[in-house]
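Peer 1: pasting a predicted model and its sequence here:
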Amino acid sequence: MSMRETLEEVVEEFLRLGVPPMRRREISLPRPRGKAVVVTGLRRTGKTYLLYQTMKEYLESGRSIKQLLYVNLEDNRLEGITSRDLSYLVEIYASRNPGSREMLLFLDEVQVVPGWERFVRRLLERRGARVFVTGSSSKLLSYELASTLRGRSLTQRLFPLSFREFLRFKGYSVPRVLTEDDRGIVRGYLREYLVYGGFPELVGYDEILKIRTLQEYLDLVIYRDLVERYGIEKLGALRALIRATVRNFARKSSVRRLHTMLLSMGARISVNKVYEYFSYLEDVGLVLPIRKLETSERESMRTIPKLYVVDNGFPTIYGLKDEGFRMENLVAVELLRRKYYWRPLMEVYYWESRGKEVDFVVREGGEIRQLIQVSTSLDHDVRRREFSALSAASEALGCGDLKVITRGEEGVEQWDGRRIELTPLWKWLLSGPAGADGIGPTDAGSGGSHG
C-alpha cells in the first residue's frame, strides 16, 4: 500500500470513529488565523485529548467532522512518512471538502516527521489553514519553529492535571460553600494527588496499577524521547541521572553535584555528558529548574537551581515519602502551570540571603508580586525560621504580599510588623486559574474552569 493510500485509510478511520468522549481541561487552545498552534509537554499529559477538545469545540460551533483532518504521525502504519508525503493530506482534504476555503489540520506527535515545519509553513502562507500540532520535545520544537516557521507559531505547554482538574476527573464537583464532610473529601483526594500525581490516565487506577503505569511512562520518556531522539549511548548513566535528579527533587542541586552522585553510584560519565543529558531532561519537560532571584537574568542563570519534577508520581516510584518536598513540588508545578496557561509575564524564582531562604518569589512585569513559603508544620522553631525569612525578603525586595502554604493551618499573623497569610494547600490549589496572587475568576470552593 502506498503512503497516500495509508493516509487515506487513517483519515477515513478517524472520520468514521469521530471525536472520542473526553473530560474538558482548564485551557482551550487559541485559534489564530495564519499561525500554527503547537502543544508541547511530557508524554501522557493529554496533548492528544486537548486536540480532541479543540475539534469538539469546532463541531459545537457548527463545523462538519469532514472539515477536521486528524493524523497521529506515530501510527505504526505511517512508519517512514516524510514531509513530502504530508502534501497528500491537502489532496485528501480537498477531495472531501470541494470548494472549502479553510482547512482544519491536526497533526499529533509531529516531531517524528523531519521537515514537517516546512510543510506547515507552506499551508499557512498559501492556503486558508488553521493548523494544530503536538510534540513531546519543547526545545526541539522551539528551535524548529524559530528557525523555520518565522513567527507563524504559537506554543502552548501542557502539564499533568491540576488539582482542580483532578477533582473533576474524579467526578467530584466542589461546592461553593464547603461543609466539614466536603473538606474531608477534598483532603482525601489531595493525599492521593500528593503521592500519585495528575497524569489523566491514572485517575481511576488502583495504587498498584498507578505505580506500574508511572514506571512505564518513565520508560517511554527514556526510550522514545531521549534514547531514540538524541542517540544516547550511556543508557545506564541516563537512568542513574534520572534517579538522582528525582530523588533530589525540591532541593538545590547543580549538574556538578549530580555528576558526583553518579560517580559514587559507579557510573562512568564525564561532567560535560551529564550537562548534555540534563538538558535533555529539561527539553522533554521531566525536570523543571527554578533559579535564584538575582539582580539580572544573566546572574540568575548562573545560580544553582532548585529542581522540581513535572509530576508528583515520579518520586513515588523511587520510594520517596517526604510530604514537605511533595507539597513544595506541587506548588512549584502549579505556579509554572499558571504562568504557561494564563500569565505569560509571570516569572518564578527562589530567594536566598544570609542563611535565610524563601521558597518562591513571583515576579510579573518586572515587579515582585508575592513571596511564598511552603511548610508542613508551623511549630515554634519552624514558624520563626519561615516568618523571619519572609520578613527579610519582604524588606529586601519591597514586597508586602507574604504567604505560607500549609498542611492545614489558616489565618493571618503579624511578624515584624508584616502581615503573613496562612493558606492550606488544598485551598490554594483550588484558588482557580489565577496569577501569582491566587485570586482568579473562581473562588476556592467553586471548582470552575477556563475553557
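Peer 2: Cool, got the structure.

Peer 1: secondary structure class for the residue nearest in space to the middle of the chain?
Peer 2: Most central in the chain under Cα atoms, centre = their mean is Phe159, positioned 2.4 Å from the mean C-alpha point. Under the three-state scheme (DSSP: H, G, I helix; E, B strand; the rest coil), Phe159 adopts coil.

Peer 1: in contact with His259, which residues?
Peer 2: Shown in contact with His259 (Cβ atoms under 8 Å, 6 or more residues apart in numbering): Ile269, Val271, Val274. For every residue, glycine as well, the C-beta is placed using N, CA and C.

Peer 1: re the thing from before, once you drop chain neighbours, what's closest to the residue nearest to the centre of the chain?
Peer 2: Spatial nearest neighbour of Phe159, chain neighbours left out: Arg337 (4.8 Å); criterion: Cβ to Cβ, 6 or more residues apart in numbering.

Peer 1: quick check: that neighbour vs Lys427, distance?
Peer 2: Here the criterion is Cβ to Cβ, to the nearest Å. By it, Arg337 lies 17 Å from Lys427.

Peer 1: roughly how far does Gly99 sit from Val131?
Peer 2: 20 Å.

Peer 1: who has more neighbours out of these two?
Peer 2: Comparing Gly99 with Val131 by other Cβ atoms under 10 Å, the one with more neighbours is Val131, at 25 against 5.

Peer 1: in a strand, that one, correct?
Peer 2: Yes - the assignment for Val131 by three-state DSSP puts it in a strand.

Peer 1: can you pull out the helices in the stretch 51-200 of the chain?
Peer 2: For the stretch 51-200 of the chain, the helices defined by DSSP state H, counting those that start in this stretch occupy 88-96, 116-126, 138-144, 163-169, 180-196.

Peer 1: got the contact list for the residue nearest to the centre of the chain?
Peer 2: Applying Cβ under 8 Å, 6+ apart to Phe159 gives the contacts Gly41, Thr45, Gly198, Val310, Val333, Leu336, Arg337, Tyr340.

Peer 1: quick one on the thing from earlier: who has more neighbours out of Arg337 and Lys427?
Peer 2: Neighbours per residue (other Cβ under 10 Å) separate Arg337 from Lys427, with Arg337 holding more: 23 against 19.

Peer 1: my guess is that one contacts Leu161. True?
Peer 2: No - taking Cβ atoms under 8 Å as the contact criterion, Arg337 and Leu161 are not neighbours in contact, 9.7 Å apart.

Peer 1: shaky segments in this structure?
Peer 2: Counting by pLDDT under 70, the chain shows low-confidence ranges at 432-451.

Peer 1: from Glu60, how far off is Lys356?
Peer 2: Shown here: Lys356 relative to Glu60, a distance of 52 Å by Cβ to Cβ.

Peer 1: which of the two has more neighbours?
Peer 2: Neighbours per residue, other Cβ under 10 Å: of Lys356 and Glu60, the larger number sits with Lys356, 16 against 8.

Peer 1: show me what that one is bridged to.
Peer 2: Ser353 (DSSP bridges).

Peer 1: closest to Arg31 out of the helices of the stretch 51-200 of the chain?
Peer 2: Ranking those by their distance to Arg31 (criterion: Cβ to Cβ) puts helix 116-126 first, at 13.2 Å.

Peer 1: and the closest one, what other elements does it pack with?
Peer 2: strand 103-108, strand 129-135 (3 or more Cβ pairs under 8 Å, 6 or more residues apart in numbering; DSSP states H and E).

Peer 1: can you do 6 Å?
Peer 2: Contacts of helix 116-126 with other secondary structure elements, assessed using 3 or more Cβ pairs under 6 Å, 6 or more residues apart in numbering; DSSP states H and E, are absent: no helix or strand is involved.

Peer 1: tilt between it and strand 103-108?
Peer 2: Compare the direction of helix 116-126 with that of strand 103-108 by axes from the mean of the first three to the mean of the last three Cα atoms, to 10 degrees and you get 170 degrees.

Peer 1: how far out from the middle of the chain is helix 116-126?
Peer 2: Relative to its chain's centre, helix 116-126 lies at 27 Å (Cα atoms, centre = their mean, to the nearest Å).

Peer 1: residues contacting that helix, please?
Peer 2: For helix 116-126, contacts defined as Cβ atoms under 6 Å, 6 or more residues apart in numbering pick out Gly34, Ala36, Ser83, Leu86, Val110, Ala129, Val131, Glu144, Thr148, Leu149, Arg152.

Peer 1: quick one: the strands in the stretch 251-400 of the chain, in order.
Peer 2: In order along the chain, the stretch 251-400 of the chain carries the following strands (DSSP state E, counting those that start in this stretch): 251-252, 287-290, 306-309, 346-353, 356-364, 367-375.

Peer 1: nearest to Gly171, out of the ones you listed?
Peer 2: When those are ranked by proximity to Gly171, the top entry is strand 306-309, at 27.0 Å, counting by Cβ to Cβ.

Peer 1: and the protein, what are its domains?
Peer 2: According to the domain assignment given by automatic domain parsing, the chain is divided into the following structural domains: 3-158, 164-429.

Peer 1: how far does the first one stretch from start to finish?
Peer 2: It stands for domain 3-158. Its start and end residues considered, domain 3-158 measures 31 Å (Cα to Cα, to the nearest Å).

Peer 1: over to stretch 166-175?
Peer 2: In terms of Cα to Cα, the two terminal residues of stretch 166-175 are separated by 15 Å.

Peer 1: for that stretch, buried residues please.
Peer 2: Burial within stretch 166-175, assessed by neighbour count using 16 or more other Cβ atoms under 10 Å, is assigned to Phe166, Leu167, Arg168, Phe169, Lys170, Val174.

Peer 1: JSON lines for those, including distance to Arg239?
Peer 2: Below are those laid out as JSON lines (distance: Cβ to Cβ, whole Å):
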{"residue": "Phe166", "distance to Arg239": "29"}
{"residue": "Leu167", "distance to Arg239": "34"}
{"residue": "Arg168", "distance to Arg239": "35"}
{"residue": "Phe169", "distance to Arg239": "30"}
{"residue": "Lys170", "distance to Arg239": "33"}
{"residue": "Val174", "distance to Arg239": "39"}
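
Peer 1: which one of these sits closest to Met327?
Peer 2: Within the buried residues of stretch 166-175, proximity to Met327 (Cβ to Cβ) peaks at Phe166, which comes in at 15.3 Å.
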